[in-house]
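Peer 1: next input, structure requested:
(one chain, ligands or ions: 2)
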Amino acid sequence: MIKTCIIGASGYAGADLANIIQHHPEFELAALYVSANSADAGKLLGDIHPKWFNQITLPLTPIDESNLGSLANNFDLIFLATPHEASHVWMPELTSGKAVIMDLSGAFRIKNKDVFEQFYGFAHTASDLLSQAVYGLADWHQEQIKQADLVAVPGCYPTASLTALKPLQQNGFLESAHLPIINAVSGVSGAGRKAALGTSFTEVSLTAYGVLGHRHQPEISEYLGAPVIFTPHLGNFKRGILATITVKLQDGVTAEQISAAYESSYTNNPIVRLRNTWPKIDDVANTPFCDLFWKFDPESGYLVVTSAIDNLLKGAASQAVQCANLRFGFDSHLGLVASKLQKGLVN
Ligand SMILES: NC(=O)C1=CN([C@@H]2O[C@H](COP(=O)(O)OP(=O)(O)OC[C@H]3O[C@@H](n4cnc5c(N)ncnc54)[C@H](OP(=O)(O)O)[C@@H]3O)[C@@H](O)[C@H]2O)C=CC1
Ligand SMILES: CC(=O)N[C@@H](CCC(=O)OP(=O)(O)O)C(=O)O
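Peer 2: Ligands and ions are numbered 1, 2, ... in the order given. Model (predicted):
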């Protein structure tokens, strides 16, 4: 078994990750960590997330920030489900031993250091690690992920957006004079577990936020290879993302070519489901899937494609497990779906 720990395990993404790892046939859930002064230190994960009461009984251990190197040598695999700043500061030590690191934060996703000051509010100080990190878009970067010792697991909106757009971009269908327009709605769990006024029950009502300035815009553009307009929205539901994306295609592209592009990208992939109706959030919530459906207007050359994911699973925890599976030589979907033919979350 591959000895695994999760740092940031009390949070939403970390807890979902613990559930997947606990049921995984090859990864052993050996320890769970929270910050040194965590209010949840010493509690059992199943006590603070009672969905897993008596199911996940490991305690949440406060991390010893002065001895991170010991984690790097004690574990084969470390998942970081921590704030960007914590991942950034801890990474040099966590990468100093044998452990392979899957970082769910945004601290190592972007290659251009300047982006961090502008979009993340801190200056990046780990240039070498930034250049070594592999972007863990699991359905597209398999070969790089298999070799990586540090994987930067993509953000939730970029996962939904890139899964929809990459087949079009790879086939040269996108018309560069018109930017892809991405409108996406996320459930409130996207903002994490910490209490905040803007995400409290009585305050949340469907609204745009981060307009023309969200940190996922440079992430999507970098890995699409083209600028985009990205507008996130906060919705009054718990989990899931629905992204509706409008693109102008090159003259002459046909509906048949579009279908062929999506099918050749995802036909043998049990995680990305090419749907025959418009996906709903409820179809993917609590699953590791990304569901896609599109419609093309040959008159105007515009395509509308919808992408639906669970922000905490395909947008965070289950994609991190896809990356870990690839890195350790397993099928990408191991421990996530029962088989290539039977599509359902193993829970
Ligand atoms: N929520 C989502 O949809 C997605 C989240 N992500 C990323 O995954 C990471 C985790 O997100 P999420 O689970 O939502 O966040 P939460 O706020 O729910 O959880 C954060 C976790 O990190 C711990 N933590 C907080 N501050 C520190 C610190 N200074 N040092 C160490 N640990 C700390 C928290 O525990 P405690 O304070 O008790 O120590 C908690 O376990 C973030 O980087 C986020 O950006 C990525 C994709 C999607
Ligand atoms: C609803 C909501 O607040 N969502 C988060 C996205 C969470 C996520 O994917 O992202 P990172 O790992 O990049 O933080 C946001 O917009 O900041």
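
Peer 1: from here on, contacts and neighbour counts on C-alpha atoms
Peer 2: Will do.

Peer 1: what residues does the protein have near ligand 2?
Peer 2: 105-106, 155-157, 186-188, 190-191, 234 (C-alpha under 6 Å from any ligand atom).

Peer 1: try it again with 8 Å
Peer 2: 83-84, 104-106, 154-158, 185-192, 209-210, 214-216, 232-235, 311, 315-316 (C-alpha under 8 Å from any ligand atom).

Peer 1: strands - which of those residues land there?
Peer 2: The strands, defined by DSSP state E, take in 185-186, 232-234 from the residues of the chain next to ligand 2.

Peer 1: I'd like those written out as a markdown table, with pLDDT added.
Peer 2: Listed next are these as a markdown table, based on pLDDT from 0 to 100:
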| residue | pLDDT |
| --- | --- |
| Val185 | 98 |
| Ser186 | 98 |
| Pro232 | 98 |
| His233 | 98 |
| Leu234 | 98 |
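
Peer 1: of the residues you listed - the most surrounded one?
Peer 2: In terms of neighbours by other C-alpha atoms under 10 Å, those top out with Ser186 at 27 neighbours.

Peer 1: measure the closest residue to that one other than its chain neighbours to Asn183 for me?
Peer 2: Using C-alpha to C-alpha, 6 or more residues apart in numbering and skipping the chain neighbours, the partner closest in space to Ser186 is Ile241 (4.4 Å). Between Ile241 and Asn183 the computed distance is 10 Å (C-alpha to C-alpha, to the nearest Å).

Peer 1: more neighbours, the two?
Peer 2: Set Ile241 next to Asn183 and count neighbours by other C-alpha under 10 Å: Ile241 wins out with 35 against 19.

Peer 1: residues contacting the more buried one?
Peer 2: By C-alpha atoms under 8 Å, 6 or more residues apart in numbering, the residues touching Ile241 are 156-157, 160, 184-187, 281, 307-311.

Peer 1: now the strands for the stretch 201-347 of the chain?
Peer 2: 207-208, 229-234, 241-248, 272-274, 290-297, 302-309 (DSSP state E, counting those that start in this stretch).

Peer 1: and Gly210, what does it touch?
Peer 2: Per C-alpha under 8 Å, 6+ apart, neighbours of Gly210: 231-232.

Peer 1: how close does it sit to ligand 1?
Peer 2: In this view, Gly210 and ligand 1 are 15 Å apart by C-alpha to the nearest ligand atom, to the nearest Å.

Peer 1: need the pLDDT of that residue.
Peer 2: The model reports Gly210 with a pLDDT of 98.

Peer 1: likewise for Gln22?
Peer 2: 97.

Peer 1: surely it and Glu28 touch.
Peer 2: Yes: using C-alpha atoms under 8 Å, Gln22 is in contact with Glu28, at 6.8 Å.

Peer 1: in the protein, where's the longest helix?
Peer 2: As assigned by DSSP state H, the longest helix anywhere in the chain is helix 156-170.

Peer 1: buried ones in that helix?
Peer 2: Judged by neighbour count using 16 or more other C-alpha atoms under 10 Å, the buried positions of helix 156-170 are 156-169.

Peer 1: now do stretch 127-138
Peer 2: For stretch 127-138, the neighbour count (16+ other C-alpha under 10 Å) marks 129-130, 133-138 as buried.

Peer 1: go ahead and produce CSV holding the CA coordinates of the helix or strand Asn183 falls within.
Peer 2: Here Asn183, judged by DSSP states H and E, is contained in strand 181-186. The C-alpha coordinates for strand 181-186 follow below in CSV (Å, rounded to 0.1, in the frame of the first residue of the first chain):
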residue,chain,number,x,y,z
ILE,A,181,-16.9,33.6,-23.1
ILE,A,182,-17.1,31.4,-20.0
ASN,A,183,-20.0,32.0,-17.6
ALA,A,184,-19.9,29.7,-14.6
VAL,A,185,-21.9,29.2,-11.4
SER,A,186,-20.5,27.6,-8.3
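
Peer 1: what is the orientation angle of it with strand 241-248?
Peer 2: Angle, strand 181-186 to strand 241-248, by axes from the mean of the first three to the mean of the last three C-alpha atoms, to 10 degrees: 170 degrees.

Peer 1: now do strand 181-186 and helix 156-170, the angle between them.
Peer 2: With the same axes, to 10 degrees as the basis, strand 181-186 and helix 156-170 are set at 150 degrees to each other.

Peer 1: and stretch 27-37, what's buried?
Peer 2: Within stretch 27-37, the residues that qualify as buried are 27-29, 31-35, counting by 16+ other C-alpha under 10 Å.

Peer 1: and Gln55, how many residues sit next to it?
Peer 2: Counted by other C-alpha under 10 Å, the residues lying close to Gln55 total 13.

Peer 1: oh, that last question was meant for Leu242, not what I typed.
Peer 2: Using other C-alpha under 10 Å: Leu242 sits among 28 other residues.

Peer 1: picking that back up, paired strands for the strand holding Asn183, with orientation please.
Peer 2: strand 229-234 (parallel), strand 241-248 (antiparallel) (DSSP bridges).

Peer 1: need phi/psi at the most far-flung residue of the chain relative to its centre.
Peer 2: Residue farthest from the centre of the chain, counting by C-alpha atoms, centre = their mean, is Glu299 at 35.4 Å. Dihedral angles phi and psi of Glu299 (degrees, to the nearest 10) take the values phi -60, psi -50.

Peer 1: that one and ligand 2: what is the separation?
Peer 2: Going from Glu299 to ligand 2 by C-alpha to the nearest ligand atom gives 35 Å.
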